[in-house]
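Novice: no FASTA, just this:
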């Protein structure tokens, strides 16, 4: 077995192990929720903090990386939204959920441990540059769409701005990123005891996130809206990474940046579109099914796209 296939199998194997623990009844669904909260609220933010505080970024703004990735996001979103509204005849709100499900990669629970496993710390540092603006952009677009569809809850533009800023700066991931950048700018040296605390929790972020994701998938399952969910999952797993790879070549991204951008784009959808669907009151089954189906097939499709990058960058 090649090192790449072994690493991909290990990463998705931890997800499968979590799913099996829930399916067998060994662990209750509430355990998955608690593990996810721990990973997203404590372990992963500390991992981001450590990376932002100590990573060897060159100081330049990674415009090419962002353009490559978010062009793929935009095209995937439009394709998913049009597919559900035009092909399946669903309403505009379901189309928004479909667009999110086609373009919102699971960069935290799956993407971060995946990059650490496949590309190591240097790959994770590149991914952190995407994560640092991914959450604000996707949250901002989602809130704007709530307003356009008349479901923002009132308050006008001031209310929307307040909601966006509150959600943004109370997000533990954003707090971890900002705190790490602030520590880096300060030039302070981390005390030895502080380093041990951060390392102890940050080092378990990857395995915990993967196991928690698998346990959470057991809770969502697959029911209703299966045909459109298969189409949306297919667009997520094939269209979005294809666009990211094409943009990486057009923009001349270095190999590692291209690998990370394409791998991130090839990640299946996460839980965020489902949470947004709950708020809209439509498309819950579509979001949860596309997430589950996408995760099931991502072990093969992600390996394919990693190989495709190597083929494109001889």
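Specialist: Alright, I've got the coordinates. Here the structure is a predicted model, which means the values were calculated and not measured.
Novice: Please make it C-alpha for all contacts and neighbour counts, starting now.
Specialist: Will do.
Novice: for the helix or strand hosting residue 98, which positions count as buried?
Specialist: Under the criterion of DSSP states H and E, residue 98 resides in helix 92-103. Within helix 92-103, the residues scored as buried using 16 or more other C-alpha atoms under 10 Å are 93-103.
Novice: contacts for it?
Specialist: 72-74, 76-85, 145, 149, 232-233, 235-236, 240, 265, 269-270, 273-274, 276-277, 280, 282-283, 286-287, 290-291 (C-alpha atoms under 8 Å, 6 or more residues apart in numbering).
Novice: Can I have the buried ones of the residues you listed as a PyMOL selection?
Specialist: Selection of buried members from the contacts of helix 92-103 for PyMOL, criterion 16+ other C-alpha under 10 Å:
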select buried, resi 72+73+74+76+77+78+79+80+81+82+83+84+85+232+233+235+236+240+265+269+270+273+274+276+277+280+282+283+286+287+290+291
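Novice: May I ask you to confirm that residue 236 belongs to a strand?
Specialist: No. Read with DSSP: H, G, I helix; E, B strand; the rest coil, residue 236 is helix and lies in no strand.
Novice: residues in contact with it?
Specialist: 76, 101-103, 265-269, 294.
Novice: which residues of the stretch 101-250 of the chain fall in strands?
Specialist: Assigned by DSSP state E, counting those that start in this stretch, the stretch 101-250 of the chain shows no strands.
Novice: mind showing which ranges of it have poor pLDDT?
Specialist: 143, 146-161, 163, 221, 223 (pLDDT under 70).
Novice: what's the burial count for residue 174?
Specialist: The local packing of residue 174 (other C-alpha atoms under 10 Å) involves 21 other residues.
Novice: Was I right to think it contacts residue 166?
Specialist: No. Counting by C-alpha atoms under 8 Å, residue 174 sits too far from residue 166 to count as a contact (11.5 Å).
Novice: Would you tell me which helix is longest in the chain?
Specialist: Longest helix of the chain, by residue count under DSSP state H: helix 112-148.
Novice: That one to helix 92-103, inter-axis angle?
Specialist: On the basis of axes from the mean of the first three to the mean of the last three C-alpha atoms, to 10 degrees, helix 112-148 is oriented at 160 degrees to helix 92-103.
Novice: So for helix 112-148, what gets flagged as buried?
Specialist: For helix 112-148, by 16+ other C-alpha under 10 Å, it's 112-119, 122-132, 134-136, 138-140, 142-144, 146-147.
Novice: Please identify which of the buried residues of helix 92-103 is nearest to residue 199.
Specialist: Nearest to residue 199 among these is residue 103, at 31.9 Å by C-alpha to C-alpha.
Novice: So the closest one versus residue 226, what's the distance?
Specialist: 18 Å (C-alpha to C-alpha, to the nearest Å).
Novice: Please apply the same query to residue 295.
Specialist: From residue 295 to residue 226 the distance is 14 Å (C-alpha to C-alpha).
Novice: Check residue 104 too.
Specialist: 19 Å.
Novice: If you count surrounding residues, which of the two has more?
Specialist: residue 104 (26 against 15).
Novice: How about the more buried one: what's its closest non-neighbour residue?
Specialist: Leaving aside its chain neighbours, residue 104 sits nearest to residue 269 (5.5 Å; criterion: C-alpha to C-alpha, 6 or more residues apart in numbering).
Novice: wait, doesn't that neighbour sit right on residue 294?
Specialist: Yes. Assessed by C-alpha under 8 Å, residue 269 is found in contact with residue 294 at 6.9 Å.
Novice: what touches both of the two?
Specialist: Common neighbours of residue 269 and residue 294 (C-alpha under 8 Å, 6+ apart) are 233, 236.
Novice: okay, who's weakest in the buried residues of helix 92-103 by pLDDT?
Specialist: The member of the buried residues of helix 92-103 with the lowest pLDDT is residue 93, at 82.
Novice: what's near enough to touch residue 54?
Specialist: So residue 54 contacts residue 184 (C-alpha under 8 Å, 6+ apart).
Novice: again, only this time at 10 Å
Specialist: By C-alpha atoms under 10 Å, 6 or more residues apart in numbering, the residues touching residue 54 are 48, 125, 180-181, 183-184, 189-190.
Novice: any idea which of the residues you listed is closest to residue 28?
Specialist: residue 48 (28.9 Å).
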